[in-house]
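Student: my questions concern the predicted model and sequence given below.
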Amino acid sequence: MRFAVEVLVTLKPGLADPQGKAVEGALPALGWTNVSGVRVGKHVRLEVEAGSESEARTQVEEISGRLLSNPVIEDSRILEVRGE
Amino acid sequence: MSARIGVVTFPGSLDDRDAIRAVELMGGEGVPLWHADLDLKGVEGVILPGGFSYGDYLRCGAIARFAPVMDEIRGFAARGGPVLGICNGFQILCESGLLPGALIRNRSLRFICRNVHLRVETTQTPVTADVLPGEVLEMPIKHGEGQFVAAEADLDRLEDDGRVVFRYCGPDGVVSDAHNPNGALRGIAGISNEAGNVVGLMPHPEHAVDPDVGPTGGQALFASLLSSVMAGAGW
């Protein structure tokens, strides 16, 4: 069975996020002066052929830890697993 | 006989030829290695050069760490062989777990290409063995993702173990935020592993060996590497 899996990769809390800071810095010029705490991450979508949802989930967790994220600086979590 | 130093070419490496040229200019023999190689051709030292391996996609160095040659380099490093990662090579060493920490986007968000000064913080590595502690070396940086970060505890351990090899500084050797080009924590430009034989740095010593084209701060590092190899130093 084919499963669509969505993974979110974010910089660890406390780590400087220059991209988030740049986005935050641009907002006041556009009139939004009430926004703070902007952090930029990555959204990854994969399609996995697997026997069950839990099998797909386990495999993507391993992929996330080994390749999609660098555990030194990033956290990753599965947002959604959807059978297709 | 001269020291044989392997330089790995990944798809997207840029500075592999400069690294070979620098090795040869300083009296060594440069040996081209390929990312798919399954042996290191008997080299006595390895350089992972700068560039944009695999387009820097996902994260800098994230794909290159899985190249077949990296298994060989892991074994070579574990046996004490000298390994020098320059710029993208440093990023690959961090992604591989051969060095701690990570390199993230410069705090300015800009790609920076200019000469910087580095203070040598330890001589307990093959690339700094012949350099005076505190010596200031000038060489270029050219990176968008050179901000060294690590957990506070890891930074403390690096400092306590004397594994901070280079810090960004002024021409007088004074380390200050004003001379920190990318926001690297504690001004760190380069570090080593516990044994000292694996060193990574963001600046480019291989672009600073020829007085005709700029500063020559890289000469001392290549000279050290070559003489460490020739002496069979216990790294």
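Tutor: Structure's in. What do you need?

Student: so residue A:5 sits in a strand?
Tutor: Yes - according to DSSP: H, G, I helix; E, B strand; the rest coil, residue A:5 belongs to a strand.

Student: check contacts around it.
Tutor: Contact analysis of residue A:5 by C-beta atoms under 8 Å, 6 or more residues apart in numbering or on different chains lists A:45, A:46, A:47, A:48, A:56, A:57, A:60, A:78, A:80, A:81, A:82. Quick note: C-beta positions are derived from backbone N, CA and C, even for glycine.

Student: likewise residue B:119?
Tutor: Taking C-beta under 8 Å, 6+ apart, one finds B:134, B:135, B:136, B:166, B:167, B:168, B:169, B:173, B:175 in contact with residue B:119.

Student: picking that back up, of the contacts of residue A:5 - the most surrounded one?
Tutor: The most crowded member of the contacts of residue A:5, judged by other C-beta atoms under 10 Å in any protein chain shown, is residue A:56 (24 neighbours).

Student: so that one touches residue A:4, yeah?
Tutor: No - using C-beta atoms under 8 Å as the test, residue A:56 is too far from residue A:4 to be in contact (9.1 Å).

Student: circling back: can you put the contacts of residue B:119 in a markdown table and add distance to residue B:68 and secondary structure?
Tutor: Putting those into a markdown table (distance: C-beta to C-beta, whole Å; DSSP: H, G, I helix; E, B strand; the rest coil) gives the following:
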| residue | distance to residue B:68 | secondary structure |
| --- | --- | --- |
| B:134 | 40 | coil |
| B:135 | 37 | coil |
| B:136 | 39 | strand |
| B:166 | 30 | strand |
| B:167 | 34 | strand |
| B:168 | 34 | strand |
| B:169 | 38 | strand |
| B:173 | 42 | coil |
| B:175 | 39 | coil |
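
Student: so which helix or strand of chain A has the lowest pLDDT on average?
Tutor: Ranking every helix and strand in chain A by mean pLDDT, DSSP states H and E puts helix A:18-26 at the bottom, with a mean of 91.
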